[in-house]
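In: got a sequence here, can you model it:
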Amino acid sequence: MTCDLLRERERTRRRVLWALATLQPGDSNAPDLLAILNDLDDQERSDTSCSDKPLELIDVRNSVSVIRHNSGTDIILEQTIPQPWRERFHQASIGSTRIPEGPYAADWDKFLTEWQHEMQHLQNHRVAQAATT
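Out: Sure, this is the predicted structure:
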């Protein structure tokens, strides 16, 4: 997959997740958003350039290097974030403050925590949709 395609896929995922966050499970506006997310998941699974099994969140968290910057704050080394997680983090962090050497480690941790909440909210929507079909 090209970087442009990955960027567009994750940009779309981010926008749809934000839209879904405003809805309660079972909302009549959710099925269209769920269809987009399901399609994105299918694209990711069929992506031949990512033939490895997708990393679990704990594995992603453990794979990223955190270093102490000379400013006294912890930062992460972006190049250690595996794709598609690096692009997901980037899309969720557009406009966030960072230093030139890398994003703040606290922002990375917040992203991973929020991702867990978003995936639970998404699962709640999927369960509610399955109950109505």
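
In: what about the helices in this protein?
Out: With DSSP state H as the criterion, the chain has helices at 3-21, 30-46, 57-63, 85-93, 105-132.

In: ranking those by burial, who's on top?
Out: helix 85-93 (a mean of 20; mean count of other CB atoms under 10 Å). The way it works is simple: take the backbone N, C-alpha and C, and place the C-beta from them, glycine included.

In: how far does that helix sit from the chain's center?
Out: 6 Å (CA atoms, centre = their mean, to the nearest Å).

In: turn the helices of the chain into a markdown table, columns for distance to Ile99 and mean pLDDT.
Out: Formatted as a markdown table, the helices of the chain follow (distance: least, CB to CB, whole Å; pLDDT from 0 to 100):
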| stretch | distance to Ile99 | mean pLDDT |
| --- | --- | --- |
| helix 3-21 | 23 | 96 |
| helix 30-46 | 31 | 94 |
| helix 57-63 | 21 | 91 |
| helix 85-93 | 13 | 96 |
| helix 105-132 | 11 | 96 |
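
In: name the nearest residue to the residue sitting nearest the centre point of the chain, ignoring sequence neighbours.
Out: In the chain, the residue lying closest to the centroid (CA atoms, centre = their mean) is Arg88, at 4.1 Å. Excluding its sequence neighbours, the residue lying closest to Arg88 (CB to CB, 6 or more residues apart in numbering) is Glu10, at 5.2 Å.
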